[in-house]
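Peer 1: Predicted model and sequence below, questions to follow.
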Amino acid sequence: MTVFGIDIIKGSLSGKERPRYSLILLKDDGEEEYKVTRNRLFRMIREKKPDIVAFDNVSELFRSKKELVNFLKEIPPTTKLVQVTGKESLPTLARRYGIKMYIRSPADEARACAYLASFGVGEEISVFFDKTMITVSRNRSLGKGGWRQNKYRRKVHDQVRMVFNEIKQIIRNHNLEYSEDVRQGYGGISRGRLLVNAERSKVPVNSFKTKNVQVKVEAVEKDRIEYIPLSKRMKYVIVGVDPGSTVGIAILDLDGNILGVRSRKGWSFSEVVEYIRSFGTPVLVATDKASPPEYVNKIKASFNAVMYSPKEDMSIERKTSLVRKYKILNDHERDALSAALEAYNSYKSKLLNIEKRIPAGFDSDLVKAKVIKGIPLKAILEGEKEVEVKEDKKPIEQVDREELVKKEKIIKELIDENRMLRESINQLKEEIEKLRGRIVSISSEEHQRVRKDNYVRNLEIEISRLRKKLHERDEKIRHLEEKLELVKRMRYLEIFEGWKWVKMLKKFTKEEIERLEADFGINEGDIIFIKDCSGGGRIAAELLCKKGVKAVISEGFMSHLASSIFEKSNIPVFQVDEVEMEYGDEMVLLNARKFEEAYKKRIEEMKKKKLEMVERLFEDYKMKRKHTL
């Protein structure tokens with residue numbers, strides 16, 4: 001399995017600085033580390049086709065759902081995008097699965113993402129249903145025409161029908177369910193759709209095009225992004241119960257954190273079970289009584305949990321000391337919480353020891369739960385579900401009294417040594433607390449100074465940004481005022497001097513047309529002057545034709561392709577020496593009266609030319625018919 005782990009190093013999608021990423025490529029034979037740009041990262045995903053691409057936040061890679069959907073359409077359908085983090089942070093997950101990670105290292109975070117995803121941690125980002133739409137249609141517009149065009153239309157529609165039926169047969173051969181929608185056409189079908197009840201990766205058809213037919217295969221998009229867990233993880237808890245007419249329940253996780261404390265009068269057993277289940281699966285049920293009440297045994301049996309009860313009934317002083325730092329509403333909640341905390345404390349050292357011994361890749365909560373239930377750690381790590389402990393029935397050996405005395409002496413010495421070490425540890429802890437107090441007081445002053453410096457620095461950055469924005473706004477206003485003044489002068493010359501304002505393209509390119517459109521607009525009936533026609537081709541000519549311009553004036557040679565496109569759209573093209581005009585850097589003026597005369601004359605010539613061509617075609621047709629007869 002190949003897994004990509006990704007974390008952002010610097011920059012952002014919305015900022016000026018382009019983002020760079022740390023990439024960990026995890027394979028069966030090891031791992032590789034890269035530092036890549038966003039474009040190179042996407043290219044590597046398309047080329048290497050990993051099984052999983054893992055990260056801690058999808059917004060680090062994609063600005064919007066549209067970007068995400070477009071990217072998923074480009075990569076193989078077998079590649080999963082996995083967001084590792086959900087309700088829990090990346091450091092918390094890494095610690096649970098035994099992955100070493102320095103929180104400020106993008107490479108470590110990328111590595112953690114890769115390993116966690118390979119362990120089945122995280123949620124797959126899903127934007128497509130398990131349905132696939134196959135659309136078979138014409139690859140070109142048929143346009144208008146006579147009997148020859150009808151013959152061609154019949155041929156194309158017949159080819160669409162044949163391809164549609166072939167694809168339908170392939171879907172049937174693979175036993176996939178589908179529904180179809182067909183639009184009839186002259187001599188066949190103009191479009192056919194198959195909605196297949198299978199995800200894109202299981203549909204044995206790919207998009208393709210032929211001369212007359214195109215086939216598009218794409219997954220059906222969901223309305224919103226869904227996050228699907230890679231594996232269902234069970235949360236294990238410790239439950240403290242105080243039974244009675246008013247039932248108290250306290251719930252802890254396996255790290256001793258309180259998840260919920262509640263009490264209620266007349267609380268039914270089924271409601272109590274449902275409340276507990278909403279937090280997770282109990283692995284330990286605790287009571288404050290040495291002899292567990294029947295109600296507590298019943299809850300323990302409902303979840304097949306382990307029972308914890310103290311050696312003797314817990315005193316009120318003991319309960320109060322355990323819950324002193326928590327806000328408890330009544331005695332029932334106090335008793336339930338103290339029982340849960342006492343149960344956790346009895347297992348605490350064992351659980352902490354287990355946490356240190358668990359290798360990477362194991363869910364520490366799952367391992368702790370199994371150990372509490374009595375399964376040895378070795379059996380868990382080796383994958384054994386249960387190990388039965390059998391008693392060794394060995395004959396009782398005779399004990400040497402002198403040997404027993406020696407062992408008792410050694411035990412006493414060890415107990416004394418242990419007590420001395422504990423006293424030494426307590427002294428060291430007190431000294432550490434004093435030093436921590438000094439560190440806190442020093443760091444507090446330093447923190448205030450740093451906050452003040454950061455605040456001033458942020459204000460200076462904001463002022464600089466606003467000044468730059470104000471300067472850009474002033475420049476824009478000045479530019480617009482100049483354009484407005486130019487338009488006013490042009491309109492004056494049109495009205496009073498008999499000259500017409502012509503909009504100018506400095507170059508015959510798509511970009512220059514878009515600039516003119518943004519600055520002055522290109523409207524139907526406009527006359528366009530092209531100062532430099534070199535490089536102008538089909539796209540630029542078609543763009544002007546779509547705008548509905550009246551005529552084009554060019555300086556220099558225009559390509560034959562562009563001229564023919566204008567001619568097909570009945571848009572005359574004049575050379576500069578064919579009209580009377582004046583122009584400078586930004587302004588072009590045209591003698592309106594003389595231009596209209598030349599325009600009418602050119603239109604008549606174009607009509608005459610088309611008529612002659614039609615007559616010529618008709619004569620050719622008559623000659624061919626005469627020869628065939």
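Peer 2: Noted; the coordinates are in hand.
Peer 1: hey, let's count contacts and neighbours off CA atoms from now on
Peer 2: Fine.
Peer 1: Can you give the domain ranges for this structure?
Peer 2: Per automatic domain parsing, the structural domains of the chain span 3-121, 130-220, 236-372, 420-485, 499-615.
Peer 1: Let me see the mean pLDDT of the third one.
Peer 2: Regarding domain 236-372, the rounded mean pLDDT is 89.
Peer 1: And for the last one?
Peer 2: If you average the pLDDT over domain 499-615, you get 86.
Peer 1: got the end-to-end distance for it?
Peer 2: Length of domain 499-615, first residue to last, Cα to Cα, to the nearest Å: 40 Å.
Peer 1: Let me have the domains of the chain in CSV, extended by distance to Thr628 and mean neighbour count.
Peer 2: Formatted as CSV, these follow (distance: least, Cα to Cα, whole Å; neighbours: other Cα atoms under 10 Å):
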stretch, distance to Thr628, mean neighbour count
domain 3-121, 55, 18
domain 130-220, 18, 16
domain 236-372, 85, 18
domain 420-485, 66, 12
domain 499-615, 20, 16
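Peer 1: of those, which approaches Leu381 most closely?
Peer 2: domain 236-372 (8.1 Å; Cα to Cα).
Peer 1: circling back: would you list the domains of the chain in a markdown table and tack on distance to His627?
Peer 2: Below are the domains of the chain laid out as a markdown table (distance: least, Cα to Cα, whole Å):
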| stretch | distance to His627 |
| --- | --- |
| domain 3-121 | 57 |
| domain 130-220 | 20 |
| domain 236-372 | 87 |
| domain 420-485 | 66 |
| domain 499-615 | 19 |
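Peer 1: Looking at those, spot the one closest to Ile228.
Peer 2: It is, among these and with distance given as Cα to Cα, domain 3-121, at 9.0 Å.
Peer 1: Adjacent strands (with direction) for the strand or helix carrying Ser179?
Peer 2: Here Ser179 sits within strand 178-185, counting by DSSP states H and E. Using DSSP bridges, strand 178-185 pairs in its sheet with strand 188-196 (antiparallel).
Peer 1: could I have the strand it pairs with exported to CSV, CA atoms only?
Peer 2: C-alpha atoms of strand 188-196 as CSV (Å, rounded to 0.1, in the frame of the first residue of the first chain):
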residue,chain,number,x,y,z
GLY,A,188,-31.0,7.1,-34.4
ILE,A,189,-30.5,8.9,-31.1
SER,A,190,-28.9,12.3,-30.4
ARG,A,191,-28.1,11.5,-26.7
GLY,A,192,-28.3,8.5,-24.4
ARG,A,193,-27.7,8.4,-20.6
LEU,A,194,-27.1,5.4,-18.4
LEU,A,195,-27.3,5.8,-14.6
VAL,A,196,-25.3,2.8,-13.2
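Peer 1: So what's the gap between whatever helix or strand comes next after that strand and the chain middle?
Peer 2: For strand 188-196, the following helix or strand on the C-terminal side (DSSP H and E) is strand 208-209. Computed by Cα atoms, centre = their mean, to the nearest Å, the chain-centroid distance of strand 208-209 equals 29 Å.
Peer 1: Report all helices and strands that whichever helix or strand comes after strand 208-209 contacts.
Peer 2: Per DSSP H and E, strand 208-209 leads on to strand 213-229 as the next helix or strand towards the C-terminus. When contacts are defined as 3 or more Cα pairs under 8 Å, 6 or more residues apart in numbering; DSSP states H and E, strand 213-229 packs onto strand 123-138, helix 147-173, strand 208-209.
Peer 1: For those, give me a markdown table that also has mean pLDDT and distance to Gly256.
Peer 2: A markdown table is the format used below for the helices and strands packed on strand 213-229 (pLDDT from 0 to 100; distance: least, Cα to Cα, whole Å):
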| stretch | mean pLDDT | distance to Gly256 |
| --- | --- | --- |
| strand 123-138 | 89 | 27 |
| helix 147-173 | 87 | 55 |
| strand 208-209 | 92 | 59 |
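Peer 1: Those: which one's closest to Glu294?
Peer 2: Set against Glu294 and scored by Cα to Cα, those come closest in strand 123-138, at 41.4 Å.
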